[in-house]
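*Asks:* what's the 3D shape of this:
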Amino acid sequence: MVDSFKCYQKLEDDILFIQKNGISEFEKIQKQREQLLKEMLHDYNDGRSKSYYCIVATVLEIEEIKEALRRAKKESTGLDAKGKSKVLHLIFDEIAGKKGYCLKLRGGKK
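*Replies:* This is a model prediction of the structure:
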């Protein structure tokens, strides 16, 4: 089985959130995630990071993503796209390690 970008890790949490807060509130959060993803793709895309950033936008908390982007902006000044992407990846991987998030798609049929 191959994952879509809507990551299995958050599915149950999303369902519970919708049941508790309603679809309208969920849509607001998804719009925030969409904007953060657009920022990642615009400012930190090395041409090979789209899947990774889609997973990040789904799995990490919004404030974690915002903080990572703030850090990456400071730490990647003057770097090319590949360098900027590497900095952001390292920050996200650090957060994932501390929080126990998985930022890779599950394997499956190709």
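*Asks:* chain center to stretch 64-74, what's the gap?
*Replies:* 12 Å (CA atoms, centre = their mean, to the nearest Å).
*Asks:* same check, this time on stretch 10-30
*Replies:* Averaging C-alpha positions (CA atoms, centre = their mean) puts stretch 10-30 17 Å from its chain's average.
*Asks:* Report the buried residues of it.
*Replies:* Using 16 or more other CB atoms under 10 Å as the test for burial, stretch 10-30 gives F26. For every residue, glycine as well, the C-beta is placed using N, CA and C.
*Asks:* let's have the chain start at 21 instead
*Replies:* Understood, numbering begins at 21; the last thing we discussed is stretch 30-50.
*Asks:* can you list contacts of it?
*Replies:* 78-79, 82 (CB atoms under 8 Å, 6 or more residues apart in numbering).
*Asks:* Compute the first-to-last residue distance for that stretch.
*Replies:* The first residue of stretch 30-50 is 12 Å away from its last residue (CA to CA, to the nearest Å).
*Asks:* Show the average pLDDT along that stretch.
*Replies:* Across stretch 30-50, pLDDT averages out at 89.
*Asks:* Likewise for stretch 118-130?
*Replies:* 69.
*Asks:* same deal with stretch 53-62?
*Replies:* 97.
*Asks:* Can you give me the buried ones in it?
*Replies:* Buried positions in stretch 53-62, judged by neighbour count with 16+ other CB under 10 Å: 53, 56-57, 59-60.
*Asks:* Okay, buried residues for the helix or strand where E83 lies please.
*Replies:* Per DSSP states H and E, E83 falls inside helix 82-95. Buried residues in helix 82-95, counted by 16+ other CB under 10 Å: 84-85, 88-89, 91-92.
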